[in-house]
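Q: Provided below for reference: sequence and predicted model.
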Amino acid sequence: MRWASVCVWAVAGCADDSAGGATASPGEASSTTAGGIITPTTGAPQLDLGAPDCGLGNGDLGLSFIWIANSTEGTISKIDTLTLKERGRYIVRPDAAGNPSRTSVNLAGDVVVANRNGGLTKIFAVPERCAESNGAPGLQTAEDAEFLAWGDEECVAWYTPMTYFSQRPVAWTQGRFDAATCRFTDQKIWTAGMNKPGTVEILRVDGDTGAVEATVVVTDAYVDNYGIYGSAVDARGNFWGSQVGQAKLHFVDYETLEHRSWDLPVGAYGITVDSRGHVWTCSGNATRFDPATETFEILAAGEYGGCMEDGAGTLYKATPGGVVAIDTATLTITRTYALPQHAHGISVDFYGYVWAVSQGAEAYRLDPADGSYETVGGLVGAYTYSDMTGFALRSLPEP
């Protein structure tokens, strides 16, 4: 399979992808450097962050994971996208009754999850970032599917309770990379909640503390039982949110907090922003919205489900019985892949694999080069279709 093209405007300049033809296989990454992009030979794509390099390889950043919500169990799973092993499972609300769904991964690899029943939780991707919090000696954190009790798990960074009838969308912003401290700063989180149909609150949250720093009250939302259903950010960190069904597309400016909305011409379910800055809503159709012209273009593409672009012009979307590949420039289906069951969530990882998440116990890692797939089992009411690897955030164009 071909390596995914990775180019991050927030931390490094772009260069041509010179990694064509490489084949992913389990093992530790080794690499050679060409044109400012580190080209691994047996591991995931890494980035040249400049001097100092800070030791921020892909594994250290935590970007080798996909985070999938076990909605009915009240947990989320951290799965190694190369070995397919579960590397941790975490309760995400004190009462374990949050009904988590959407997850979002930032450019440091850490995850935040929205609970449908209210509340946000951030979890660190790697143990080195976790801190003593339960009074017991040493670090207590999950290493596989056996999760710890709330309060014992020390890789939960913070939990912010929120009282919403429906809270689904969540999306990180890029933030900034500070080479002097080797840290990402100013990483924010967008989420939205609803208590009264037709009125939603869109919130911008501090990614380090979980504190709400801005609230936008939207009173022209489509009247339903969900509010805003999914969200994504663009290259400037602006919020984009869709409502399920033939409803509305919402926008909030990161700086000014100005809100705008458009009536969707057809139904929506999943949402993503591609590497050209177009906003896609995916349901029975794949609908491309151009923010510059404020126009929609529509492709009939199966059934409702999530979607994500590979950073190189192919959008992958859930469809009955598998996944379709869509050319984002021509709006044509270029290939259909078969899977054992209908998947809802779609994500792309840093190895170029496409992930499809069922609503049951399975997730599938699909190789788009040959259509082969592998299955990860043991999930519980799996349901995630947001940017669960961080790849979509990394693939955004330079603003």
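A: Ah, there it is.
Q: give the residue farthest from the middle of this protein.
A: Within the chain, the residue lying farthest from the chain centre (CA atoms, centre = their mean) is P137, at 33.6 Å.
Q: name the SS class of that one, please.
A: Taken by DSSP: H, G, I helix; E, B strand; the rest coil, the conformation at P137 corresponds to coil.
Q: what of T336?
A: Judged by three-state DSSP, the three-state class of T336 is strand.
Q: return the residues in contact with it.
A: Contact analysis of T336 by CB atoms under 8 Å, 6 or more residues apart in numbering lists T319, G322, V323, V324, A325. For every residue, glycine as well, the C-beta is placed using N, CA and C.
Q: ditto for N285
A: By CB under 8 Å, 6+ apart, the contact set of N285 is V266, G267, I298, L299, A300, A301.
Q: count of neighbours near A329?
A: Applying other CB atoms under 10 Å, we find 11 residues neighbouring A329.
Q: how much space separates the spatially closest residue to it that is not a sequence neighbour from L366?
A: Distances taken as CB to CB, 6 or more residues apart in numbering place G313 nearest to A329, at 6.1 Å, with adjacent residues excluded. Computed as CB to CB, to the nearest Å, the G313 to L366 distance reads 18 Å.
Q: cool, and T191?
A: 29 Å.
Q: the more surrounded of these two?
A: Neighbour comparison, T191 and L366: the larger count goes to T191, with 28 against 23 (by other CB under 10 Å).
Q: in contact with that one, which residues are there?
A: A114, L120, M162, Q167, P169, V170, A171, I202, L203, V205, S231.
Q: so what's it bridging to?
A: Listed by DSSP bridges, the beta-bridge partners for T191 are V170, L203.
Q: where does it land on pLDDT?
A: Model confidence at T191, expressed as pLDDT, equals 98.
Q: now Q341
A: 86.
Q: before we move on, what SS does E128 have?
A: Using three-state DSSP, the structure places E128 in helix.
Q: now the helices for the chain?
A: Assigned by DSSP state H, the chain shows helices spanning 58-61, 391-394.
Q: rank those helices by pLDDT, which is bottom?
A: Within those, the stretch with the lowest mean pLDDT is helix 58-61, showing a mean of 52.
Q: how about the contacts made by the nearest residue to D327 once chain neighbours are set aside?
A: Distance criterion CB to CB, 6+ apart; nearest residue to D327, sequence neighbours excluded, is T334 at 5.4 Å. Listed by CB under 8 Å, 6+ apart, the contact partners of T334 are T314, A325, I326, D327.
Q: so T334 versus D370, what's the distance?
A: In terms of CB to CB, T334 sits 15 Å off from D370.
Q: same deal with Y226?
A: Applying CB to CB to Y226 and D370 gives a distance of 38 Å.
Q: quick one: which of those two has more around it?
A: Y226 (21 against 9).
Q: wait, V354 sits on L339?
A: No: using CB atoms under 8 Å, V354 is not in contact with L339; the gap is 10.2 Å.
Q: list the contacts of V324.
A: A301, G302, Y316, K317, I333, R335, T336, Y337.
Q: what's the closest non-adjacent residue to the second one?
A: Spatial nearest neighbour of G302, excluding adjacent residues (CB to CB, 6+ apart): T319 at 2.9 Å.
Q: chain neighbours aside, what residue packs nearest to V252?
A: Excluding the flanking residues, the one nearest V252 by CB to CB, 6+ apart is F239, at 4.1 Å.
Q: can you pull up the bridge partners for the one you found?
A: Going by DSSP bridges, F239 forms beta bridges with V233, V252.
Q: do you know how far it is from G119?
A: Per CB to CB, F239 is found 19 Å from G119.
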